[in-house]
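*Asks:* sharing a model prediction with you, sequence too.
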Amino acid sequence: AKQHGRNTYQWFASDLNVEASERVELRNDLQRALEQGQLELFYQPIVESRTGKIRGSEALIRWHHPRRGLVAPIQFIPLAEDTGQIIELGQWVLQQACRDAIRLLGMGYRDYRVSVNVSPVQLRQEGFVDLVTDTLRQTGLAPERLELEIVESSVLYDTDQVVDRLGRLRDLGVGIAIDDFGTGFSSLSYLKIMPVTKIKIDRAFVKDVISNRRDAAITQGILSMAHHLSLEVVAEGVETQAHAAFLRKNNCQLLQGYLFARPMPFKAFAEFLATRGNA
Ligand code: C2E
Ligand code: CA
Ligand code: CA
Ligand code: CA
């Protein structure tokens, strides 16, 4: 920006400052949110395509900001990753998701399983495996009832350590799902080294699966590969009956999307399970 003259530079610099102060404010607000319980987990059902039964849910964080209202994760997760607050936030998410899962299992939903999003920053922590095992022990949740959703870039740095941690968790019975599968730069090479049990096909492919032959072919290819690797597959962003029919026909076992339900607070999700008679 400097070459464009003094005014442009000043404008650019002050704009950066605004952004920086905004970030500082958001960071302080997030600290308060963690201390004052402004965070909440919403749950979105994951449905078995063949039977329509609810097999579990994904926990998705929401922030009830005192002035800004409901803030979406995309607006604060990246910041929390930058500041390191994701560590404390991630611990809270894990514990809350396990506690809520115990409550649902107690209500009689015996098949229930909860999927929790884990940031690459969390996975790079030495103590991550201990954190998960301690949380399971404290809450009393069986490892098989927990699944961690990780993105491909999780193994970009500290690859050996991260792969080792994921392997140890998988050996305990915790599920490991690759989130947003296909959107990374080298999904297949990651798949080769990651100890995964499930793939989540990104919404970007599902969206146009009916109208776009390439997206349809890619989705079918992922499904066929997953079957050969004995991996479960969830399709994300299932919004229409046509999406669901295509995916069912191509043997995608699990579906998630607005067609079934939007993410909702715990209480609403418990009622949703009750009315769907899934016990
Ligand atoms: P994600 O893990 O890929 O989560 C799926 C996102 O797609 C969610 O957005 C969900 O509400 C949305 N979605 C679900 N079904 C549909 C559909 O049929 N159509 C459309 N258009 N969207 C659908 P959300 O809740 O805003 O979360 C955004 C992202 O924030 C998540 O993407 C995840 O990367 C991150 N995130 C959310 N909760 C957590 C958390 O507890 N920890 C971490 N580290 N990240 C989280
Ligand atoms: Ca996810
Ligand atoms: Ca996803
Ligand atoms: Ca995503």
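*Replies:* Perfect, I can see it now. Ligands and ions are numbered 1, 2, ... in the order given.
*Asks:* pick out the residue of the stretch 151-279 of the chain closest to ligand 1.
*Replies:* Closest approach of the stretch 151-279 of the chain to ligand 1 (C-beta to the nearest ligand atom) occurs at Gly257, with a separation of 3.1 Å. Every residue, glycine included, has its C-beta placed from N, CA and C.
*Asks:* dihedrals phi and psi, that residue?
*Replies:* phi 160, psi 180 (degrees, to the nearest 10).
*Asks:* what do you get for Gln44?
*Replies:* phi -120, psi 130.
*Asks:* again, but for Phe181
*Replies:* When quoted as degrees, to the nearest 10, the phi and psi of Phe181 stand at phi -60, psi 140.
*Asks:* Gln125 now?
*Replies:* phi -80, psi 130.
*Asks:* pLDDT wise, what is it at?
*Replies:* Note on Gln125: pLDDT of 96.
*Asks:* please apply the same query to Ser186.
*Replies:* Reported pLDDT for Ser186: 69.
*Asks:* got the contact list for the closest residue to the residue of the stretch 151-279 of the chain closest to ligand 1 other than its chain neighbours?
*Replies:* Distances taken as C-beta to C-beta, 6 or more residues apart in numbering put Val238 closest to Gly257, at 3.3 Å, once the chain neighbours are dropped. For Val238, the contact set (C-beta atoms under 8 Å, 6 or more residues apart in numbering) comprises 206, 244, 247, 255-260.
*Asks:* over to Val174?
*Replies:* 132, 143-144, 146-148.
*Asks:* got the residues of the chain near ligand 3?
*Replies:* Counting by C-beta under 5 Å from the ion, the residues of the chain close to ligand 3 are 179-180, 236.
*Asks:* next, count neighbours for the residue of the stretch 151-279 of the chain closest to ligand 1.
*Replies:* Counted by other C-beta atoms under 10 Å, the residues lying close to Gly257 total 23.
*Asks:* what residues are up against it?
*Replies:* 203, 206, 235-239, 243.
*Asks:* mind redoing it with 10 Å?
*Replies:* 44-47, 203, 206, 234-240, 243-244, 247 (C-beta atoms under 10 Å, 6 or more residues apart in numbering).
*Asks:* near ligand 2, which residues of the stretch 51-200 of the chain are found?
*Replies:* Going by C-beta under 5 Å from the ion, the residues of the stretch 51-200 of the chain near ligand 2 are 117, 149, 179.
*Asks:* quick check: closest non-adjacent residue to the first one.
*Replies:* Think Asn117. Glu149 is the one closest to Asn117 (C-beta to C-beta, 6+ apart), at 4.9 Å.
*Asks:* surely that neighbour touches Lys198?
*Replies:* Yes. Taking contacts as C-beta atoms under 10 Å, Glu149 lies within contact range of Lys198: 8.7 Å.
*Asks:* okay, and the common contacts of these two?
*Replies:* 115, 175-179, 234.
*Asks:* who wins for neighbours among the residues you listed?
*Replies:* Val234 (28 neighbours).
*Asks:* quick one, phi/psi of the residue most central in space within the chain?
*Replies:* Most central in the chain under C-alpha atoms, centre = their mean is Asn117, positioned 3.4 Å from the mean C-alpha point. Main-chain dihedrals, Asn117, degrees, to the nearest 10: phi -80, psi 130.
*Asks:* list the buried residues of the helix or strand hosting Ser224.
*Replies:* Assessed by DSSP states H and E, Ser224 sits inside helix 213-228. Residues of helix 213-228 classed as buried: 215-216, 218-220, 222-223, 226 (neighbour count, 16 or more other C-beta atoms under 10 Å).
*Asks:* and the helix or strand following that helix with ligand 1, contact?
*Replies:* Tracing the chain C-terminally past helix 213-228 and defining elements by DSSP H and E, one meets strand 232-235 next. No. On the criterion C-beta under 6 Å from any ligand atom, strand 232-235 is out of touch with ligand 1, staying 9.8 Å away.
*Asks:* after strand 232-235, which helix or strand is next?
*Replies:* helix 241-249.
*Asks:* contacting residues around that next one?
*Replies:* With contact meaning C-beta under 10 Å, 6+ apart, helix 241-249 is reached by 47-50, 52, 201, 206-211, 216, 219-220, 223, 233-235, 237-238, 240, 252-255, 257, 259-260.
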